[in-house]
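Peer 1: no sequence on hand, only this structure:
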């Protein structure tokens, strides 16, 4: 075991575009786990699109690391009754090589877990649990944290709760090259529906169709997006999966049929703009996902079922979702799509690049291997 480990911290206030020099590297002493704690080595961290917003809004303080990342880690020392040395776990972690975790702690930014989730995880956090050994043997940390992580589970439960999808359904999926959208589009196609995605530019649209095997893709940078939607959906949209909001969400909503369904899980348009919004948080999860009062009125008038929730609300069924998604991957029907960057030292460039370059799938930074 090393005596120290590396950690990235926010070096200065975020003013202007996010750059690698907004991060600073420091070396700190490796802690010993106290009673009820486990020391884990971080293998891989998922980088969320809201990372820059947390920096700008002061959620990540200067001189501190962002502790809200979802990470795959291996337990190296344990004084926690839930975790054993060698367990591969899902946890929240900072931009660092090692982390202390505890099954007694609650999740950062999430409400307390239900008793059934607590029983399934063995912890007080919906985001802290050991992966089953069979899954660890079958799949890499990248897949564990993407298709079998919050991205895959968001797509899985979103389509189920707004479903069932039928072969006759006309499905539009925004953010199709993103982490959740790429999985949602494939699951909708597996259900037999006609699926049209959205991407920026002809090359990205071609990639979406060729990689995901869906029926088509709309270039959301087109001058007349309404006309393009009319052409692709002459009979309207039955199901809309929206993780983007903004111009794409507004245009798709116009084509959403009466008695249609809409699943909203994010507002990427506001997160990837030149300046992320830093005001007070929206008053509800529906507002957070971009469902405004005006949109609510349209939904009521056209009897559209609209769902917006946090995926952890459904973690009582996480094990079944993992099994179903794993079977689809094993059968070759569901393709993992991730943007994997290797090397702890690459983290600043990877995060800064998230906001200035097109990417596919979930951005992940791999720190080490099992």
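Peer 2: The structure has been received and is ready for your questions. Bear in mind the structure is a predicted one, so any value in this text is a computation, not a measurement.

Peer 1: in space, not sequence, find me the middle residue of the protein.
Peer 2: In the chain, the C-alpha nearest the mean C-alpha coordinate belongs to residue 151, at 4.1 Å (CA atoms, centre = their mean).

Peer 1: just checking, which helix or strand of this protein averages the lowest pLDDT?
Peer 2: For the chain, counting by mean pLDDT, DSSP states H and E, helix 268-271 ranks last in confidence among helices and strands (a mean of 58).

Peer 1: neighbouring contacts of the helix or strand harbouring residue 297?
Peer 2: Assigned by DSSP states H and E, residue 297 belongs to helix 293-301. The contact list for helix 293-301 (CB atoms under 8 Å, 6 or more residues apart in numbering) reads 253, 262, 286, 291, 304, 306. (Each C-beta comes from the backbone N, C-alpha and C, glycine too.)

Peer 1: and the strands in the stretch 151-300 of the chain?
Peer 2: Taking DSSP state E, counting those that start in this stretch to define them, one finds strands in the stretch 151-300 of the chain at 170-173, 194-199, 216-219, 237-242, 256-264.

Peer 1: pLDDT of stretch 94-104, averaged?
Peer 2: Mean pLDDT, computed over stretch 94-104, is 98.

Peer 1: tell me the buried residues in it?
Peer 2: By neighbour count on 16 or more other CB atoms under 10 Å, the buried set for stretch 94-104 is 94-103.

Peer 1: and the end-to-end length of stretch 361-370?
Peer 2: 23 Å (CA to CA, to the nearest Å).

Peer 1: picking up where we left off before, so the helix holding residue 297 versus strand 256-264, what angle?
Peer 2: Interaxial angle of helix 293-301 relative to strand 256-264 (axes from the mean of the first three to the mean of the last three CA atoms, to 10 degrees): 130 degrees.

Peer 1: okay, buried residues for helix 293-301 please.
Peer 2: Buried-residue list, helix 293-301, by 16+ other CB under 10 Å: 295, 299.

Peer 1: give me the distance from it to the chain's centre.
Peer 2: How far helix 293-301 lies from its chain's middle: 27 Å, per CA atoms, centre = their mean, to the nearest Å.

Peer 1: tell me the confidence at the closest residue in space to the residue nearest to the centre of the chain that isn't next to it in sequence?
Peer 2: Spatially, and ignoring its direct neighbours in sequence, residue 151 is nearest to residue 179 (4.0 Å; CB to CB, 6 or more residues apart in numbering). For residue 179, the pLDDT comes out at 92.

Peer 1: gap between residue 179 and residue 38?
Peer 2: 28 Å (CB to CB, to the nearest Å).

Peer 1: among those two, which residue is more densely surrounded?
Peer 2: Legend: neighbour count by other CB atoms under 10 Å for residue 179 and residue 38, higher for residue 179 (31 against 26).

Peer 1: the more buried one reaches residue 359, doesn't it?
Peer 2: No. The criterion here is CB atoms under 8 Å, and residue 179 misses it with residue 359 at 9.5 Å.

Peer 1: residues contacting the residue nearest to residue 151?
Peer 2: Per CB under 8 Å, 6+ apart, neighbours of residue 179: 146, 151, 337-338, 361-362.

Peer 1: and the closest residue to residue 312 other than its chain neighbours, how far is that from residue 163?
Peer 2: Once flanking residues are discounted, residue 312 sits nearest to residue 126: 4.0 Å by CB to CB, 6+ apart. From residue 126 over to residue 163 the distance is 23 Å, taken as CB to CB.

Peer 1: same thing with residue 153?
Peer 2: Distance, residue 153 to residue 163, by CB to CB: 15 Å.

Peer 1: neighbour count winner among the two?
Peer 2: A count of neighbours by other CB under 10 Å puts residue 153 above the other of residue 153 and residue 163, at 22 against 16.

Peer 1: rounded mean pLDDT for the helix holding residue 297, please.
Peer 2: 88.

Peer 1: what is the subsequent helix or strand relative to it?
Peer 2: strand 305-307.

Peer 1: list just the nearest of the contacts of residue 179 to residue 52.
Peer 2: Using CB to CB, residue 362 comes nearest to residue 52 of those, at 15.8 Å.

Peer 1: distance-wise, check that closest one relative to residue 284.
Peer 2: 26 Å.

Peer 1: ok, which pair from the contacts of helix 293-301 is furthest apart?
Peer 2: Maximum distance among those (CB to CB): 14.0 Å, for 253 and 286.

Peer 1: gap between residue 38 and residue 86?
Peer 2: Counting by CB to CB - residue 38 and residue 86 are separated by 11 Å.

Peer 1: actually residue 14, not the one I typed
Peer 2: Counting by CB to CB - residue 14 and residue 86 are separated by 39 Å.

Peer 1: who has more neighbours, the two?
Peer 2: More neighbours surround residue 14 than the other of residue 14 and residue 86, with 21 against 13 (other CB under 10 Å).

Peer 1: that one contacts residue 55, correct?
Peer 2: Yes. If you go by CB under 8 Å, residue 14 and residue 55 touch, sitting 4.5 Å apart.

Peer 1: quick check: neighbours shared by those two?
Peer 2: Taking CB under 8 Å, 6+ apart as the contact rule, residue 14 and residue 55 both touch residue 22.

Peer 1: picking that back up, between residue 38 and residue 86, what contacts are shared?
Peer 2: Counting by CB under 8 Å, 6+ apart, the residues touching both residue 38 and residue 86 are residue 75.
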